[in-house]
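Enquirer: Task: produce atomic coordinates for the following.
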Amino acid sequence: MRKITCENRIFEEQEEKPMIAWIREHRYCYAVGYMGFYLAAFFLSERLLEPRYIISCPWDALIPFNEYFIIPYCMWFLLLPASWVFTMVTEKKDFQDLCMIMFGGMTLSILLYWIFPNGLELRPEEVHDNFCGLLVGALHQVDTPGNVCPSIHVSSSTAVAVVALRSDVLRKKPLFKWGTCLVAAAICLSTMFLKQHSVVDVICGCLVTAILAVFTYCAPWRRWMKGTWMEFFL
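Expert: Residues are numbered from 1 along each chain as shown. You can find the predicted model right below:
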């Protein structure tokens, strides 16, 4: 009976899917679970917060609305998961740095929305009747013009760019590295050309990333996490 039990156990281990086994072995991957908290906090903010401060600056009037920028804007939804998966399987340190900068920026932005409820009055009343215009109209229906400063679209995109620039893995892949930065830059520009964000929001989003990047690469935060419950993600 003992032999059969051992054989069954071996068989079960062999049947375990490689991806599941890999994730269990690399516990730091569970940090992506933060996105559940972020999405809940963001949509709660969208429903409960009423903008009390309207964000704008003279530079906004110099940037024309262009519905075709919806294409790079939507690339954000691919850039984030792609950056997680790539760093997750290639370099643990890059993945942890990315999570610290990106998720830290998301958390800080949500807190600022509650402390400083803000919004925009830049969106055009009408958009062109074409495919990109329809996508912009759909975006306007699901995304309110509130909770804009700092821009999470910008802070998370620039977080990916910063990690790509500092990654040892990408030193020998300059096209991939600079291509990632180009996509991040296009996403940041798209937020202004779609009138989803003011220039002020973009600058503040970049500042959030810059502050957290300095902290991430200069402070011994991994050592501080040792001995705490957060050590699980190291």
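Enquirer: Check the gap between the residue most central in space within the chain and residue 97 for me.
Expert: Most central in the chain under CA atoms, centre = their mean is residue 156, positioned 3.7 Å from the mean C-alpha point. Residue 156 sits 14 Å away from residue 97, taking CB to CB, to the nearest Å as the criterion. From N, CA and C alone the C-beta is placed, and that goes for glycine too.
Enquirer: one step back: going C-terminal from the host helix or strand of the residue nearest to the centre of the chain, what's the next secondary structure element?
Expert: Residue 156 is part of helix 152-166, with elements assigned from DSSP states H and E. Counting by DSSP H and E, the next helix or strand C-terminal to helix 152-166 is helix 174-193.
Enquirer: Buried residues of the helix or strand following that next one, list them for me.
Expert: With elements assigned by DSSP H and E, the helix or strand that comes after helix 174-193 is helix 199-218. Across helix 199-218, burial judged by 16 or more other CB atoms under 10 Å covers 199-206, 208-209, 212-213, 216.
Enquirer: cool, stretch 57-76 as well?
Expert: Within stretch 57-76, the residues that count as buried by 16+ other CB under 10 Å are 60, 66, 67, 68, 69, 70, 72, 73, 75, 76.
Enquirer: now do stretch 92-100
Expert: Across stretch 92-100, burial judged by 16+ other CB under 10 Å covers 94, 95, 96, 97, 98, 99, 100.
Enquirer: Over to stretch 77-94?
Expert: Neighbour counts over stretch 77-94 (16+ other CB under 10 Å) mark 79, 80, 83, 84, 86, 87, 88, 91, 94 as buried.
Enquirer: got it, and stretch 23-33?
Expert: For stretch 23-33, the neighbour count (16+ other CB under 10 Å) marks 28, 29, 31, 32 as buried.
Enquirer: Now that we have these, can you turn them into TSV and tack on pLDDT?
Expert: Compiled in TSV, the buried residues of stretch 23-33 are given as follows (pLDDT from 0 to 100):
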residue	pLDDT
28	84
29	87
31	88
32	91
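Enquirer: So which of those is the closest to residue 54?
Expert: Relative to residue 54, the closest of these is residue 32; by CB to CB it sits at 34.4 Å.
Enquirer: Quick check: the closest residue to the residue nearest to the centre of the chain other than its chain neighbours vs residue 173, distance?
Expert: The shortest distance from residue 156 to any non-neighbouring residue, by CB to CB, 6 or more residues apart in numbering, is to residue 102 (4.9 Å). Counting by CB to CB, the gap from residue 102 to residue 173 is 21 Å.
Enquirer: So those two - more neighbours on which side?
Expert: Taking other CB atoms under 10 Å, residue 102 and residue 173 do not tie; residue 102 has more neighbours (27 against 13).
Enquirer: which residues touch that one?
Expert: Contact partners of residue 102, counting by CB atoms under 8 Å, 6 or more residues apart in numbering, are 80, 155, 156, 159, 160.
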